[in-house]
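Asks: pasting the structure only:
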């Protein structure tokens, strides 16, 4: 197979076969791997970025990206290059290689030089053209109705922390309606992203995909799995509280004032943070003649921002409430009450060993 890049991003150095560079002579790979990244945002492109050292600028040094495809006839230099400043203030150089075939082995070499000197090899590596970096989709997409007709809250998290600022594209539609799009930007690459929709119709579908910002256009990642949600079909006053006594085990208890809602009702308690996304098992029924109450416990790492969502489902449909995240090392007890009105939160503080409240 012969593979060629576009003329705008490839300068053939010779018309004869040239061997790839020696990988043992490409600088400190352990160090450079933190600054040099290449990934394939889609099958036909490879995008590389390099963060300059803090004391280096392009005014006193030049950089170039050399690349070589297996079975190609020459080594090429990528000339589709630009310089940007990241959200952290670092200077970054980016290169884009186009028209890459599936499952093609891609070798790349980063070189630099100062005026009056020759090119110095900084870093080299190889990858398959279909091998994706961090931005190959979303780890999970959680659609949580808030219990109020027409409101919907979305939560998701990227696969890994990315060295780039990320923009998310949301695509949502309903049965029989025209597909529409919405953009959401975030610089918290490894943190949870949340988005709320107003006036959600009866049957709602949504998916999302990431794209690094300040990059060449069209470098979108894969779409997430399709998520579906329906606004609440039943009503009732649900009160849920979550608390911890040892900063490791979380206990959530909830009650409902509408006994008709509780008839043949199944409860599902979901929780998520940066490092987890799970459903609480072994829900306990603590109800009595005077009080309808349920409880569920789950373990969680300390000092993480945790979100909890409760879903009650029966033959009439389902009802769901969720409360804002809280830090285990800050809050000992957090209680939420909702009745299709603004939420009210109550909490008890955790006492230090000195007897003072945190």
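Replies: Done, it's in. All of these numbers come straight from a predicted model, not from anything done at the bench.

Asks: okay, and for the stretch 51-200 of the chain, where does confidence drop off?
Replies: 55-58, 71-73, 87, 101-104, 128-153, 155-167, 174-200 (pLDDT under 70).

Asks: mind running it again at 50?
Replies: Where the stretch 51-200 of the chain drops to pLDDT under 50, the residues are 131-136, 160-163, 187-191.

Asks: could you chop the protein up by domain?
Replies: What automatic domain parsing lists as the domains of the chain is 7-128, 138-229, 238-349.

Asks: buried residues, stretch 118-126. List them.
Replies: Neighbour-count burial for stretch 118-126 flags 122-126 (criterion: 16 or more other C-beta atoms under 10 Å). From N, CA and C alone the C-beta is placed, and that goes for glycine too.

Asks: nearest to residue 271, of the residues you listed?
Replies: Residue 271 has its nearest neighbour among the buried residues of stretch 118-126 in residue 125, at 38.7 Å by C-beta to C-beta.

Asks: bridging residues for the closest one?
Replies: residue 108 (DSSP bridges).

Asks: what's the spacing between it and residue 83?
Replies: Distance, residue 125 to residue 83, by C-beta to C-beta, to the nearest Å: 22 Å.

Asks: and the helix or strand hosting residue 123, what does it pack onto?
Replies: Applying DSSP states H and E as the criterion places residue 123 in strand 120-128. Packing partners of strand 120-128 (3 or more C-beta pairs under 8 Å, 6 or more residues apart in numbering; DSSP states H and E): helix 29-32, strand 36-42, strand 105-113.

Asks: ok, the nearest residue to residue 127 once chain neighbours are set aside - contacts?
Replies: Among residues not flanking residue 127 along the chain, residue 106 sits closest, at 5.5 Å (C-beta to C-beta, 6 or more residues apart in numbering). Residue 106 makes contact with 38, 46, 67-69, 97, 100, 126-129 under the criterion C-beta atoms under 8 Å, 6 or more residues apart in numbering.

Asks: and the buried ones among these, selectable in PyMOL?
Replies: The PyMOL command for the buried members of these (criterion: 16+ other C-beta under 10 Å) is given here:
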select buried, resi 38+46+67+68+69+97+100+126+127+129
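
Asks: any chance of the contacts of residue 106 in JSON lines, plus distance to residue 168?
Replies: Shown next, in JSON lines, are those (distance: C-beta to C-beta, whole Å):
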{"residue": "38", "distance to residue 168": "22"}
{"residue": "46", "distance to residue 168": "22"}
{"residue": "67", "distance to residue 168": "29"}
{"residue": "68", "distance to residue 168": "34"}
{"residue": "69", "distance to residue 168": "32"}
{"residue": "97", "distance to residue 168": "25"}
{"residue": "100", "distance to residue 168": "25"}
{"residue": "126", "distance to residue 168": "30"}
{"residue": "127", "distance to residue 168": "25"}
{"residue": "128", "distance to residue 168": "26"}
{"residue": "129", "distance to residue 168": "24"}
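
Asks: tell me which element residue 269 falls in.
Replies: Judged by DSSP H and E, residue 269 forms part of strand 266-272.

Asks: buried residues, the helix or strand just after that strand. List them.
Replies: Next in sequence after strand 266-272, counting helices and strands by DSSP H and E, comes strand 277-280. Using 16+ other C-beta under 10 Å as the test for burial, strand 277-280 gives 277, 280.

Asks: give the pairing partners of the helix or strand where residue 205 lies; include direction for each.
Replies: Counting by DSSP H and E, the element that carries residue 205 is strand 204-212. Within its sheet, strand 204-212 is paired with strand 166-173 (antiparallel), strand 227-229 (antiparallel), according to DSSP bridges.

Asks: avg pLDDT for the shortest one?
Replies: In this case it means strand 227-229. Averaged across strand 227-229, the pLDDT comes to 70.

Asks: packing partners for the next helix or strand after it?
Replies: Heading C-terminal from strand 227-229, the first helix or strand you meet, by DSSP H and E, is strand 238-244. Helices and strands touching strand 238-244, by 3+ C-beta pairs under 8 Å, 6+ apart, are strand 249-256, strand 305-314, strand 317-327, strand 331-338, strand 344-349.

Asks: what angle sits between strand 238-244 and strand 266-272?
Replies: Angle, strand 238-244 to strand 266-272, by axes from the mean of the first three to the mean of the last three C-alpha atoms, to 10 degrees: 40 degrees.
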